[in-house]
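Chemist: from the sequence below, what's the structure:
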Amino acid sequence: MYINKSLKKYIDDLAAKLPAPGGGSAAALSGALGIALLEMVCNFTIGKEKYKAVEQDVQAHLDSLKKIREEFSALIDEDVATYTSICSAYKSKDKKLIDKALKNGYDISLKMCKLSKNAIEIAKDLSKKGNPNLITDVGCGTELLDAAFNSGIINARINLKGIEDKDFVSKENKALDTLKKEWSGDGCEIIGW
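Modeler: From the prediction side, this is the model:
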């Protein structure tokens, strides 16, 4: 479980000639880092008299962000486990096992996109209600979420390419197209720079 190991160990393993962790796990870490920055903005806003009018909204954002960060953090290791199962399925040459493993990989990537999308809506509101001294942290957090979202799309599409269930592939490619069209995760745009 990487979530309980040092950052150095994770980065060293990510760089090494190992099958995992890879892009999906790194994308989940990117999402968790983006969320952590947004939580910091909330924490530097809550409890200050001049932000009293928005404190309830910001507290609700903080509560939601904590849950989203937990989910992203879990995905760091879930992606490693899922990629390992995909490799095992390919070694077995059992097409049903391969499809099942790839669908699990697709689900993780799709979840990453949805978590990013939920968090971006919070970031947009924080750019207006959060402590303005941390506006760049909103922007940086948003950019990390943008990386998580786009990496999720890339990994979802590569999983779909290997799945033989054509109905599933067609339906989910359309779902990804819709998600991509709805996405607006440009950090500079969100903070108005």
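Chemist: give me the number of residues near residue 71?
Modeler: Counted with other C-beta atoms under 10 Å, the neighbours of residue 71 add up to 18. (Each C-beta comes from the backbone N, C-alpha and C, glycine too.)
Chemist: tell me the secondary structure for it?
Modeler: Secondary structure assignment for residue 71 (DSSP: H, G, I helix; E, B strand; the rest coil): helix.
Chemist: which residues does it contact?
Modeler: For residue 71, the residues meeting the contact criterion (C-beta atoms under 8 Å, 6 or more residues apart in numbering) are 111, 115.
Chemist: cool, and residue 58?
Modeler: By C-beta under 8 Å, 6+ apart, the residues touching residue 58 are 42, 45-46, 51, 126, 129-130.
Chemist: per-residue pLDDT of it, please?
Modeler: Looking at residue 58, its pLDDT reads 98.
Chemist: and it, how far from residue 130?
Modeler: Distance of residue 58 to residue 130, given as C-beta to C-beta, to the nearest Å: 7 Å.
Chemist: hang on, the earlier thing: so which of the contacts of residue 58 wins on neighbours?
Modeler: Counting neighbours by other C-beta under 10 Å, residue 126 leads these with 30 neighbours.
Chemist: ok so, going back, pipe the contacts of residue 58 into TSV and attach pLDDT per row.
Modeler: Shown next, in TSV, are the contacts of residue 58 (pLDDT from 0 to 100):
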residue	pLDDT
42	98
45	98
46	98
51	97
126	97
129	97
130	97
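Chemist: returning to that earlier point: any common contacting residues for residue 58 and residue 130?
Modeler: Overlap of the contact sets of residue 58 and residue 130 (by C-beta under 8 Å, 6+ apart) consists of 42, 45.
Chemist: look up how far residue 107 lies from the residue of the chain positioned farthest from its centre.
Modeler: Distance from the centre of the chain peaks at residue 49, with 33.0 Å (C-alpha atoms, centre = their mean). According to C-beta to C-beta, residue 49 and residue 107 sit 45 Å apart.
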